[in-house]
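*Asks:* Any chance you can model this:
(2 chains)
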Amino acid sequence: MIASAQMIILVMVGATMLRSTLDGTYLYYVKPSLAPFLLVAALAFLVLGLIQAFWLLVPSKRPGRLGTPSCAETHQHGEGEVDEHGAAHVPRVAWLLALPVLVMMVVAPAPLGSFAADRESGVVAEPDSYDFPPLPPADPAPITLTEYGWRSLYDEGETLAGRNVELSGFVTPRGKGEWFLTRMSLSCCAADGRAIKVVITGATAPPRDTWVIVTGRHAQPTSTDRRSGLPVLAASDVREISAPARPYE
Amino acid sequence: MTSADQQQTGSPEVGAAQPPSKSRWDDTVMALIIVAIAAALLAQPQLVGIFAGPAVSAWATIFVAVTFQALPFLVFGVVLSAVITVYVPPAALRRAMPSRPGLAVPVAGVAGAVLPGCECASVPVAAGLMRRGVPAAAALTFLLAAPAINPVVLVATAVAFPGRPDMVIARLLASLATAVIMGWLWLRFGRMEWLRQARRPQAAPEAGRMEQFRVSVQHDLLHAGGFLILGAMTAATLKVVVPAQALNAVADREWLAIACLAGLAVALAICSEADAFVAAGLSQFSHTSRLVFLVVGPVVDIKLIALQIGTFGRRFTLWFAPLTFLVAIACALGVAAVLL
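*Replies:* The predicted model follows:
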């Protein structure tokens, strides 16, 4: 891969990562905590590309220029030598780095939705701690789906009794006209997304993948067996919302 | 006389010039990419329609996710490798390691605890260590140990399995055992010619260490980055094609569950910091089979295989990866029998 190609790939990859970090679309793929590292990596790519561009424009300024072999020998360079623009031989597989750039140029792929959620059971994972303080005083109290699932299955819904809660997520059909309120949860990045599902009763299913806020009261989970039971919410109100900037829990 | 034009046309009077097919390939791919960019910009609305399909969209999301997640760690690993190669004098590393290779292996294994981060970082660092004279066995042990036993991973495991410190200890012991056994096996049976060690890109000697560093980082980043993308594409495809619900049927038969989770650990190229939470989510499986998943994942997966092929060559990886897979399962089962 010649020097100018290396430069283009480096700059494109860096620019893609930088733009995604700055305009927030990176949140569709990775956790917010990765932002500073993404930024550093983006800048590393950009700086490398810009330096290579500089050596392409002004080859005489490059260190070691005086000792560079003549054109004849450079054109023969295999793996070991660096060409007159300061770029070493790089195998063709490096061209694949253009692929994520092209993908992001067409459209930033949407966050994981019902397609991914369909393939998962949505079973509630064990909570970090078994200490469940009372819900915030607001009525209805907004909580995450994960929190709702914990309180329902691991606390027998005690802290939820008699309270209106507000949950938000996207719609995943359950079959037979029923539906789940769903969020995907990431441990590392979208490759390991797990589905968090709450069965919604008392409201007709909006179209698949619609983002909604559901207000309702706690109802008995589908099963008290924590390994397979899913939390249930008896809805009193369903409101459509626009997809949030941070779609994952 | 070093104009860019001359390089591209491969001027005839230069005698043994760059093989014409290589520069033609470069030009062709460059032209294709420019056409692709133009198409992406001009036909964007139509292309958006293709990406709207649920399977394609999920694939693209996972592909970009693995890429974004891994690239920062790759940058870190490549920079660290270049620092080791360019700035650390060989004598320093030789003094730090025990002279007997048999002892260097376990020391390298324990040293793996200091490199936090994805396995994407450990491959270039191990290659850098080898170039600096660290015995191959020790470097390979380090490569296997670092992603599995660093503090971030162990803490994540502790958080993901609350009330089960035995899972953390089991993971630590089984992973360390895997790394050390593989290192000793290499000592006994391995031959250096199996490792494809490409000649390092060298700037001219008077270029100075900064330029050497830059050349090394640029080369490694592009080289390893390409293989990483290959791994990301494969991981996204597997994730979209394999239905997760199929796992439920398998969970009850222990041997099937173990084999299945071991295979899943290879197919899902998840960073080792996160695999504990994925394992915690697989609640229908036994702790033993989940330990297998945790021990196999950081040492063999699609991403790692791609990186190893790129760094050490196909011949090496074709035996290294399957052998590591078997040793990892054996260690995990052995430790599980005692501790879990």
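*Asks:* Nearest residue to B:F277 in space, ignoring adjacent ones along the chain?
*Replies:* Spatially, and ignoring its direct neighbours in sequence, B:F277 is nearest to A:S187 (3.5 Å; C-beta to C-beta, 6 or more residues apart in numbering or on different chains). No exception for glycine: its C-beta is placed from N, CA and C like everyone else's.
*Asks:* again, but for A:Y26
*Replies:* Of all residues not flanking A:Y26 in the chain, A:S20 sits nearest, at 4.5 Å (C-beta to C-beta, 6+ apart).
*Asks:* now swap in B:Q218 and tell me
*Replies:* B:Q218 sits nearest to A:L48 (C-beta to C-beta, 6+ apart), 5.1 Å away.
*Asks:* pLDDT of the helix or strand where the one you found lies, averaged?
*Replies:* Using DSSP states H and E, A:L48 sits within helix A:35-57. Averaging pLDDT along helix A:35-57 yields 94.
*Asks:* again, but for stretch B:179-191
*Replies:* Confidence for stretch B:179-191, expressed as mean pLDDT, is 90.
*Asks:* How about it, which residues are buried there?
*Replies:* B:179-187, B:190 (16 or more other C-beta atoms under 10 Å in any protein chain shown).
*Asks:* Also stretch B:90-100?
*Replies:* B:93, B:97.
*Asks:* Tell me how far it lies from the chain's centre.
*Replies:* 25 Å (C-alpha atoms, centre = their mean, to the nearest Å).
*Asks:* before we move on, the earlier item: looking at it, the residue nearest to B:Q218 is touching B:R214, isn't it?
*Replies:* Yes. Counting by C-beta atoms under 8 Å, B:R214 is a contact partner of A:L48 at 7.2 Å.
*Asks:* what comes into contact with stretch B:104-111?
*Replies:* B:97-98, B:134-135, B:137-139, B:141-142, B:144-145, B:176, B:179-180, B:183-184, B:187 (C-beta atoms under 8 Å, 6 or more residues apart in numbering or on different chains).
*Asks:* Around residue 111, count how many other residues there are.
*Replies:* I'll assume chain A. 25 (other C-beta atoms under 10 Å in any protein chain shown).
*Asks:* my bad, chain B
*Replies:* B:A111 has 19 nearby residues by other C-beta under 10 Å.
*Asks:* you'd agree it is in a helix?
*Replies:* Yes. Under DSSP: H, G, I helix; E, B strand; the rest coil, B:A111 sits within a helix.
*Asks:* quick one: it from B:A138, how far?
*Replies:* Counting by C-beta to C-beta, to the nearest Å, the separation of B:A111 from B:A138 is 9 Å.
*Asks:* swap in B:I62?
*Replies:* For B:I62, the distance to B:A138 - C-beta to C-beta - is 35 Å.
*Asks:* Ranking helices and strands of chain B by mean pLDDT, which lands last?
*Replies:* helix B:4-9 (a mean of 43; mean pLDDT, DSSP states H and E).
*Asks:* can you tell if the very next helix or strand once past that one touches chain A?
*Replies:* Downstream of helix B:4-9, the first helix or strand assigned by DSSP H and E is helix B:20-42. Yes. Using C-beta under 8 Å from any C-beta of the partner chain, helix B:20-42 reaches chain A at B:23, B:25-26, B:29-30, B:33, B:36-37, B:40-41.
*Asks:* OK, contacts around A:A3?
*Replies:* A:A3 neighbours (C-beta under 8 Å, 6+ apart): A:52, A:55-56, A:83, A:85-87, B:4.
*Asks:* Let's see stretch B:52-60 as CSV, backbone CA atoms only.
*Replies:* What follows is stretch B:52-60, C-alpha atoms only, in CSV (Å, rounded to 0.1, in the frame of the first residue of the first chain):
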residue,chain,number,x,y,z
ALA,B,52,-32.8,-0.1,7.1
GLY,B,53,-33.4,-3.8,6.7
PRO,B,54,-33.3,-5.3,10.3
ALA,B,55,-30.6,-7.9,9.7
VAL,B,56,-28.3,-5.7,7.7
SER,B,57,-28.8,-2.9,10.3
ALA,B,58,-28.0,-5.2,13.2
TRP,B,59,-24.9,-6.5,11.3
ALA,B,60,-23.7,-3.0,10.6
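*Asks:* which one is the most centrally placed residue in chain B nearest to, not counting chain neighbours?
*Replies:* Nearest to the geometric centre of chain B sits B:L304, at 3.1 Å (C-alpha atoms, centre = their mean). Counting by C-beta to C-beta, 6+ apart, B:L304 lies nearest to B:E119, which is 5.2 Å off, once chain neighbours are set aside.
*Asks:* What about B:A65, how many residues nearby?
*Replies:* Around B:A65 there are 28 residues (other C-beta under 10 Å).
*Asks:* I figured it was touching A:L27, is that so?
*Replies:* No. Using C-beta under 8 Å, B:A65 is not in contact with A:L27, being 10.8 Å away.
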